[in-house]
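Visitor: need a 3D model of the sequence below.
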Amino acid sequence: MVEQANELILDILPLSADTARLVRVYGTAPCVALPGTLPAPAGGSFALTELGDYCFSEKPRSLPAANALCRYAVSADGTVRLTRAFGQAVGQKPARRYDFDLDAPAADEEELHPVCGSFLEEVTLPDSVQVIGSCAFYNCRSLRLLTVGSGGLTVGSDVFLNCFALETLRVQAAPEQPTGLFALVNNITEAVQAQFWPADASAPLAALWYPAYWEDIEETPAHILLHTFSGQGYHYRQCFLDNKFLPAEYDAIFPQGHDADDAAIMAMLCFGRLRYPWQLTEAAAGHYRAFLAANTDRVFARLLKAQDTDSIRALLALDVLDKAAFASAAALAAKAENAAAAALLADAEHKKYAPQSKKQRYDFDF
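Guide: Residues are numbered from 1 along each chain as shown. Purely as a prediction, here's the structure:
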């Protein structure tokens, strides 16, 4: 089978109860959107419920035999078709072979390009996925965005080991729904953003940052192990009940102090909560606004680096920049040679600080 442009090739291991596990993905694009259902060889369909261990790792471990797998081609429009079933080609006549061909590979066993390791940048999982196997994204150093469905997740160990670029987890659900976010953020100790963004919504309903944290283990003379955590990131990750996000508990952490946390990440945390203020109280918003007003340059520098003009507009709309902050942001925009950002700043500053012209009044009483 010849791979088409932008076509995904999936190796799937059928499981019981018409479910299936993803074993490997092949293709030429670094962004992958997986289908939720796959046509079964004997009719009916499989639900894709699991990502196998090491499935996106550059060096997979213990791959199933080819005669245990089904191979699917997924076109750019999402159409899925079965191409091999348990080692046999589907919908193709077997090529005639002669004695002198015995050592030659089959015609459809061409070299496929795996979507894995540092090549992988974005993955979108369907609602049907319930399990992410251990080390599924091991050494995916360029992975920056993982989108998951609205259901719960069981997550193995070291799923995101060495995923240094991973910045955003996008959950296609409303913030009040039970989801797999708790399992995901507790598998990541580095700073990461989570967005609740339903599939039919034009923007996130909530954006949450989870700061990095470090766990220290100390053995006492009595051979008792003491666990301590540096940074508030661990506590932010515990703000769930029955897999539902708890906004009041999340917002209550910020006033307790954050000196051990990265100030830039904490400023982004404030920006995210104020920009998408789902169940945000006035008291919590006040704490966030005060910190953001003192650290707008940290947020602006990050948005400039990402060339995120929409977020720059959102930051300016919060009206937290004073004259000094405008001057600092303008200098950053000039250094980045970002004319669009500079224009937005100039316009916002003019609207905020330009003197209001007094209306002329006339007295017609002589």
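Visitor: for the stretch 101-250 of the chain, just list every one of the strands.
Guide: 122-124, 131-132, 145-148, 154-155, 168-171, 192-196, 206-210, 214-219, 225-230, 240-241, 244-245 (DSSP state E, counting those that start in this stretch).
Visitor: among these, which comes closest to F291?
Guide: Between F291 and the strands of the stretch 101-250 of the chain, the shortest separation by CB to CB is 12.4 Å, and it involves strand 206-210. All C-beta spots, glycine's among them, are computed from the backbone N, C-alpha and C.
Visitor: so the residue nearest to the spatial centre of the chain bridges to which residues?
Guide: Nearest to the mean C-alpha position of the chain, counting by CA atoms, centre = their mean, stands L169 at 2.7 Å. Beta bridges link L169 to L146, A194 when assigned by DSSP bridges.
Visitor: so it touches F196, yeah?
Guide: No: counting by CB atoms under 8 Å, L169 sits too far from F196 to count as a contact (10.0 Å).
Visitor: quick one: D297 and A325 touch, right?
Guide: Yes: in terms of CB under 8 Å, D297 counts as a neighbour of A325; the distance is 6.8 Å.
Visitor: overlap in contacts of the two?
Guide: Here D297 and A325 share no contacting residue, scored by CB atoms under 8 Å, 6 or more residues apart in numbering.
Visitor: contacts for stretch 199-216, please.
Guide: For stretch 199-216, using CB under 8 Å, 6+ apart, the contacting residues are 172, 174-175, 185, 188-198, 227-234, 236-237, 245, 247, 250, 258, 261-262, 265-266, 268-269, 272-273, 275-276, 278.
Visitor: pull out the buried members of these.
Guide: 172, 174-175, 185, 188-189, 191-197, 231-234, 236-237, 245, 247, 250, 258, 261-262, 265-266, 268-269, 272-273, 275-276, 278 (16 or more other CB atoms under 10 Å).
Visitor: ok, which of the strands of the stretch 101-250 of the chain comes nearest R61?
Guide: Comparing the strands of the stretch 101-250 of the chain under CB to CB, the one sitting nearest is strand 131-132, at 15.5 Å.
Visitor: neighbouring strands - and their directions - for that closest one?
Guide: Strand 131-132 pairs in its sheet with strand 45-51 (parallel), strand 154-155 (parallel), by DSSP bridges.
Visitor: how far does the shortest one sit from the chain's center?
Guide: Using CA atoms, centre = their mean, to the nearest Å, the mean C-alpha position of strand 154-155 is found 16 Å from that of the whole chain.
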